[in-house]
Every structure is written in structure tokens, then in C-alpha cells.
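> with the input below, show me the fold.
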Amino acid sequence: MKNLWRRITHWETWPFHVIYAPLGFLWLYYSIRCGCFWFFSNVDPTLEFSGFEGDSKEPMYRQLPKELYPVTIFIQPNQIFENIMRQMQDAGLSFPVAVKPDVGTQGVLFRKIENTEQLKKYHSIVAINYLIQEMIELPLELSVFHIRYPDQTKGKITGFIAKEYLHVVGDGKFDLLQLIQKHPKASVLETEHRQKHKQNLNKIIPEKEKYYLSIAGNHNRGARFINHSNEIDEKLNAVFDKISLQAKNFFYGRYDIKTTSIEDLKQGKNISILEFNGTGAEPNHIYDCNMSYTQALQVIAQHWKDMYLIGRINYVKGIPYTNFWQGYKWLREANMHYRTIKKKDVELVL
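Residues are numbered from 1 along each chain as shown. Predicted coordinates for the structure are as follows:
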């Protein structure tokens, strides 16, 4: 009952479609104005379906400056495992590594792999295209939402947050399961954590020791977001303007990065881009930042306006929208894929 009341009174815990429901009229308005239901579908034209949902990560990485993202190799489910190990060696990858689906979302099936046995188990269970990456251990994970209009060299940063992974802190008295049940975010995901951490559920966590339940920096995985909008300045804008121009056709989206410090980031040093998320990226600075629900809707509405305007510019330049049935089919297949990997995510215990 306590968890239910918290979900009702905290809009940030509501299902995605409930949060966005009041903006349905705005979606319809932009769709009518541009004559296409998928008014965003040409905003990031070099990403599949503009990066809204169900897109492969491979084209995204191929367009980023190579020195700015982790060493990455792409794996197919039918590959012989010995060849995967050889591919890792050729790329200079060693354990631990990060693995995640090539088509994925919300941190589903993201894992830190410590050894050959864990990778072999992951490969045998997931049965989808996935990627293996250098495990970036830089201390600070950030999200930067950047928007640049076509033919302009300067854009704007609309959101800047740091991420704190979901964890519990031991007190030397309660076991892990009890700490999960006491935690306001972890308790909502209790069923998932019972499965993923079943070997440690009865373990007493020492006093002041942190036990990480997830290392995915996603809101739906329980990560806490810390607003750093006061740090947005010309230096930070210049760094992401440069990246955006190098990628050429990334006009709208969110960079998830790791770095050593905000000051190093502003100087363009020690940056590793984990992902660029296109039009499907939420302006995640609406979460955990003491915004009212009304304020959050206003932020989302402004971002949709930017999407609409960029799409109109690209359409005039000859970049077409996706027609209704193509988009419908794409999303249906993306939803089927998500249900598949979500089921595997719960089953996969390394």
C-alpha cells in the first residue's frame, strides 16, 4: 500500500504513456501541420526512424568521432564463441567489458561482464545482435540534451544532469532484501532485484557499504538524476556544438557520457560518449529535479516544438517523413523486440 501511494503521488513514477497523455493533442496538432503522423521521423535523418525507437546503435556509433566513444565490436547471435574472443583480442578489448543489445532501450540486458564464462552465458542466452564495449570506469556519468537546427553551427543545451546508480547502503543489521524493501525506488523493482541478486538476498550489508543494484543510468532502472543546469555555459555549448557538427546529422537528442569532471568536460577532455539517443530521448532533466508535473509537460512540449521545426526544415531540404504504415510497422516490431529482451533480462543472472 505504501508503494502504491508513492506511485500515485509522485508523477515521476507513473507509466510513460500516462505522463505523456495530456500532450496527445499537441502530437496531433504537429501531425496535421506537417501532414504526417510521425512528424519527428526526419529530424535525425541518418538514424533509423530518427532514433525514436527500435533503432540499431551501430549507425549511431559510426557517425560519432571514433576517439570519443568506447572501443566497440558488434556481435551476431550465430557467431562461434571462439571467433568472438578473437574479435575482442583484435580490438584490444579485455575484461571487464560492457555488453548491451544493438537494438535496446532503458538499460535492458545491459551487463558488466567480468570473465569468459559470463560472456559465454550472455551470448548463449540473449540470441540477438549485441555489442561488446570497453568498460569505461570514469567516475562521472552525465546526460547532455543538445539541439541544433540544420545549417546552423551553434545549438543549445536544454538539459544537463549527473546520474547516481541505484544502490542501497548497509547498516550492518538488515540483509539485502530488507534494504531493497525499505528503499523507495528499489522496492518498486523488488521482483526484478529478487531475481538478479538472489545469491545475495540474505547477505547482511556492512554498515555504510554501498551495494549497487544496477549500473544502468536510466530513470526506470532506479537511477537518481542530479540537475546541473547551472553549469550550462558557452564552453559546454561549444563542446557539444563541435561534436554535433562532426556527426553532421545529429540535430536533436541526448548524449549519455562519462568523464572525469564537469570542468574537464567543458575543456573537451576525458570524454567518452556511451550513446547518442535521437528523437526517442526523453529530456530526462525533468526527473528528480523538483519539477511539478505541469512544468515537466511544458519542458516536453518545448522539445516537441523543436522536433517539429527541425523536421519542417529537413522536409524542405528534401528529406521525407516516414509514412504512417511504415512507422506503425516499425513501432510494432520494436515493441515485440522489447518484450523479448525484457523477458531475457529478467532470466539472465550472471
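> now the strands for the stretch 151-300 of the chain?
With strands called from DSSP state E, counting those that start in this stretch, the stretch 151-300 of the chain shows them at 156-164, 167-169, 210-212, 224-227, 252-259, 271-277.
> tell me the mean pLDDT for the first one?
When the per-residue pLDDT values of strand 156-164 are averaged, the result is 95.
> cool, and the second one?
Here strand 167-169 scores 85 as its mean pLDDT.
> who are the packing partners of that strand?
Judged by 3 or more Cβ pairs under 8 Å, 6 or more residues apart in numbering; DSSP states H and E, the packing partners of strand 167-169 are helix 176-182, strand 210-212. Glycine gets a C-beta too; all of them are placed from N, C-alpha and C.
> which residues are in contact with the spatially closest residue to residue 207 that is not a sequence neighbour?
With Cβ to Cβ, 6 or more residues apart in numbering as the criterion, residue 207 has its nearest non-adjacent residue at 3.9 Å, and that residue is residue 172. Contacts for residue 172 were tallied using Cβ atoms under 8 Å, 6 or more residues apart in numbering; they are 204, 205, 206, 207.
> isn't residue 61 right up against residue 71?
No: counting by Cβ atoms under 8 Å, residue 61 stays clear of residue 71, with 10.5 Å between them.
> tell me the buried residues in the host helix or strand of residue 112?
Here residue 112 sits within strand 111-113, counting by DSSP states H and E. Buried positions in strand 111-113, judged by neighbour count with 16 or more other Cβ atoms under 10 Å: 111, 113.
> swap in stretch 230-243?
By neighbour count on 16+ other Cβ under 10 Å, the buried set for stretch 230-243 is 231, 236, 237, 239, 240, 241, 243.
> the spatially closest residue to residue 38 that is not a sequence neighbour: neighbour count?
Nearest residue to residue 38, sequence neighbours excluded (Cβ to Cβ, 6+ apart): residue 327, at 4.3 Å. By other Cβ atoms under 10 Å, 20 other residues sit near residue 327.
> dihedrals phi and psi, residue 287?
phi -90, psi 150 (degrees, to the nearest 10).
> repeat for residue 50
According to degrees, to the nearest 10, the main-chain angles of residue 50 amount to phi 60, psi 20.
> quick one, what contacts it?
40, 41, 42, 43, 44, 278, 279.
> pLDDT score for it?
So, for residue 50, pLDDT stands at 97.
> what does residue 276 give?
pLDDT, read off for residue 276, is 96.
> also residue 205?
At residue 205, pLDDT is 88.
> identify the residue spatially nearest to residue 35, adjacent ones excluded.
Nearest one to residue 35, counting by Cβ to Cβ, 6+ apart, is residue 321 at 7.8 Å.
> same question for residue 41.
Nearest non-adjacent residue to residue 41 (Cβ to Cβ, 6+ apart): residue 322, at 3.8 Å.
> hang on, that neighbour packs against residue 38?
Yes: with contact defined as Cβ under 8 Å, residue 322 counts as touching residue 38 (4.8 Å).
> show me what contacts the residue lying closest to residue 94 once chain neighbours are set aside?
Nearest residue to residue 94, sequence neighbours excluded (Cβ to Cβ, 6+ apart): residue 88, at 7.6 Å. Taking Cβ under 8 Å, 6+ apart, we find residue 88 in contact with 73, 94, 97, 132.
> now do the same contact list for the residue nearest to residue 35.
Residue 321 sits next to 34, 35, 36, 38, 39, 41, 42, 311, 315 when contact means Cβ under 8 Å, 6+ apart.
> mind running it again at 6 Å?
Applying Cβ atoms under 6 Å, 6 or more residues apart in numbering to residue 321 gives the contacts 36, 41, 42.
> picking that back up, now the common contact residues for residue 61 and residue 71.
Going by Cβ under 6 Å, 6+ apart, no residue sits against residue 61 while also sitting against residue 71.
> so these two - more neighbours on which side?
It is residue 61, of residue 61 and residue 71, that has more neighbours when counted by other Cβ under 10 Å, with 19 against 15.
> report pLDDT for residue 347.
pLDDT for residue 347: 84.
> ignoring the adjacent residues along the chain, who's closest to it?
Looking at residue 347 with Cβ to Cβ, 6+ apart, the closest residue is residue 125, at 7.0 Å.
> just how off-centre is whatever helix or strand the one you found lives in within its chain?
Assessed by DSSP H and E, residue 125 sits inside helix 116-126. From the chain centre to the centre of helix 116-126 is a distance of 23 Å (Cα atoms, centre = their mean, to the nearest Å).
> what about that helix, average pLDDT?
96.
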